[in-house]
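> I'd like to go over a predicted model; first the sequence, then the structure.
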Amino acid sequence: MTAHDSPLADSPGADGPVAAEPRRDVFFVSNSVDELGGVTTWSHQMARLFTGRGHRVHVVGITPPEVPQELGEIPYPTTTLYAGQPPRPGRAREASMREEATKLTALFRSARPGAVVIVTQVWAMEWVAQADTHGLTVIGMSHESYAYSKASSRFHRVRRYYRDVDRMLALTREDADLWIGQGMNNASYLPNPLPFMPEVPSARTEKAVVSIGRLHDQKGIDMLLDTWAEVAPRHPDWRLRIYGSGEDEEILKKQCTALGLDGSVDWMGRTSDVPGALRGGSVFALSSRGEGFPLALMEAMAMGVPCAAFDCAPGVREIVRDGEDGLLAALGNTGELARRLDTLMSDKELRDGMGERARANIQRYTTTEIVNRWEGLFGFLER
């Protein structure tokens, strides 16, 4: 039996309420408690959900972030190990890692029996690996696709540091199979939960295409601008609204100007009101080079906004049913993505139908469903 054929997906908790689940201590360990990005958003969403289930949650970060994310009030403690950045690789770093790992050990030793450590990023696992986790269930996660991980230095670290944890979790069955093929026989999968399900969806009346994400190479905003250069002349009354900030902002704005798009592109900056941003759009564009199980895509569909997206990860094609509730284009093919956008922008009836189906279909990832599957996994690994 491969790891992902375990009772994770078929346990009693997978499709309904879990009866009399024990209250556990649950630790989330990430690179940072509050860095900007989807992993932080996911971690605190899950931390709130587990807290609501009666579990005692503690969120731990290794270092403070370069760009923090506003978390608001949180009903659980957080700890950051380093006051600044750790020393550069070498003896000083090794010594500091051992010292900081003792802080993790102290936190873990304060936990009750049945405690779980969820390591959301493999860099953070390097510190957890030096801590004493005896008697705890340790789950290591990869929040990106197998292919995107393989193209980075994280691939070898995942294979090294997650090989002996109790469960290594990918976001889709397809990615879990690929990790198993690399000898990670502890690999399984769990998708992200739906971030929200608003009562009022977008009316899809504004002639606006929306993009939400960091202005970073991974998110492919440069390719979105190339795509928009093909689409905009056919739809002079439409606008592209780009929400987000990041290190590539200046170069992207220069590209926008060079393409002659300043008259149809709005740089909206970071937003704390994602539903509001999506409610003002009629189409959502995802132009990423790599993703895991993208929250922004799920959020758009929950708002009833149909998506045109690069098929950049198994998670994308699992979320979007191509031709039914959204349209997919081959990764990096800006001409094809332009045609997908043009199709949605040109046909309001199609747009409305796909948007309504997207809103209905995305509810298969409700928080209750996903948290129950997590509870089932905890119980299975404890046996």
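Thanks, I have the structure now. Numbering: from 1, shown residues only.
> Ignoring the adjacent residues along the chain, who's closest to Asp132?
Spatial nearest neighbour of Asp132, chain neighbours left out: Thr105 (4.4 Å); criterion: CB to CB, 6 or more residues apart in numbering. Where C-beta positions appear, they are placed from N, C-alpha and C, glycine not excepted.
> so that neighbour makes contact with Ala131?
Yes - with contact defined as CB atoms under 8 Å, Thr105 reaches Ala131; the gap is 4.6 Å.
> Please say which of the two ends up with more neighbours.
Neighbour totals were compared for Thr105 and Ala131, and Ala131 leads with 23 against 16 (other CB atoms under 10 Å).
> Now that that one has come up, it's in contact with Glu99, right?
No - here Ala131 does not reach Glu99: they are 11.3 Å apart, not a contact under CB under 8 Å.
> separation between the residue nearest to Asp132 and Leu194?
According to CB to CB, to the nearest Å, Thr105 stands 35 Å off from Leu194.
> Which stretches in the stretch 251-383 of the chain count as helices?
All helices of the stretch 251-383 of the chain, identified by DSSP state H, counting those that start in this stretch, fall at 274-279, 295-302, 314-319, 334-346, 348-361, 367-382.
> which of those helices is buried the deepest?
helix 295-302 (a mean of 26; mean count of other CB atoms under 10 Å).
> Can you give the contact residues for it?
When contacts are defined by CB atoms under 8 Å, 6 or more residues apart in numbering, helix 295-302 is touched by residues 38, 41-42, 192, 194-198, 201, 210, 212-213, 274-275, 278, 281, 284, 286, 291, 307, 309, 316, 319-320, 325-326, 358-359, 361-362, 365.
> How much space separates the nearest residue to His44 once chain neighbours are set aside from Leu194?
The spatial neighbour of His44 that comes closest, neighbours along the chain excluded (CB to CB, 6+ apart), is Leu71 at 6.1 Å. In this view, Leu71 and Leu194 are 19 Å apart by CB to CB.
> One more: Met223?
As for Met223, its distance to Leu194 is 27 Å (criterion: CB to CB).
> These two: which is more packed in?
Legend: neighbour count by other CB under 10 Å for Met223 and Leu194, higher for Leu194 (21 against 18).
> what phi and what psi does the backbone show at the residue of the chain most remote from its centre?
Using CA atoms, centre = their mean, the residue of the chain lying farthest from its centre is Arg91. It sits 34.0 Å away. Dihedral pair for Arg91: phi -60, psi -40, per degrees, to the nearest 10.
> Over to the one 10 residues further on?
Dihedral angles phi and psi of Ala101 (degrees, to the nearest 10) take the values phi -60, psi -30.
> State the number of residues packed around it.
Neighbours around Ala101, by other CB under 10 Å: 18.
> From what I see, it and Gln130 are in contact.
Yes - when contacts are counted by CB under 8 Å, Ala101 is listed as touching Gln130 (3.7 Å).
> ok, back up a step: so for the residue nearest to His44, what's the pLDDT?
Looking at Leu71, its pLDDT is 91.
> swap in the one 10 residues further on?
Model confidence at Leu81, given as pLDDT, is 97.
> Number the chain from 41, please
Got it, first residue is 41 now, which makes that one Leu121.
> what sits against it?
For Leu121, the contacting residues are 100-103, 140, 143-144, 167, by CB under 8 Å, 6+ apart.
> If any of those residues are buried, give me the ChimeraX selection for them.
Selecting only the buried entries of those in ChimeraX, with 16 or more other CB atoms under 10 Å as the criterion:
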select :100,101,102,103,140,144,167
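> Now flag whichever of the contacts of Leu121 is closest to Gln161.
Ile102 (8.9 Å; CB to CB).
> and Gln258, that's in a strand?
No - counting by DSSP: H, G, I helix; E, B strand; the rest coil, Gln258 is located in no strand; its state is helix.
> and Ile220, backbone torsions?
Note on Ile220: backbone dihedrals following degrees, to the nearest 10 are phi -60, psi -40.
> Report pLDDT for it.
Ile220 is given a pLDDT of 98.
> Glu61 now?
Looking at Glu61, its pLDDT is 54.
> cool, Glu331 as well?
95.
> again, but for the one 3 residues further on
Here, the pLDDT recorded for Pro334 equals 94.
> per-domain residue ranges of this structure.
Per the record, the chain has its domains at 43-233+406-422, 248-404, by automatic domain parsing.
> Now restrict the contacts of helix 335-342 to buried residues only.
Buried among these by 16+ other CB under 10 Å: 78, 81-82, 232, 234-235, 237-238, 241, 250, 252-253, 314-315, 318, 321, 324, 326, 331, 347, 349, 356, 359-360, 365-366, 398-399, 401-402, 405.
> Just to be sure, which of those residues are found in strands?
250, 252, 324, 326, 347, 349, 366 (DSSP state E).
> pLDDT below threshold where in the protein?
41-62 (pLDDT under 70).
> do that again at 90, thanks
Along the chain, segments meeting pLDDT under 90 span 41-62, 76-77, 106-107, 109-110, 235, 312, 423.
> Could I get the contacting residues of Ala87?
66, 68, 97, 99, 114, 116.
> farthest-separated two in these?
Val66 and Ile114 (14.0 Å).
> So which of those two has more stuff around it?
Neighbour count, other CB under 10 Å: between Val66 and Ile114, Val66 has more, with 26 against 15.
> Looks like the more buried one contacts Ala155 (just checking).
Yes - between Val66 and Ala155 there is a contact at 7.2 Å, judged by CB under 8 Å.
> who touches both of those two?
Counting by CB under 8 Å, 6+ apart, nothing touches both Val66 and Ala155.
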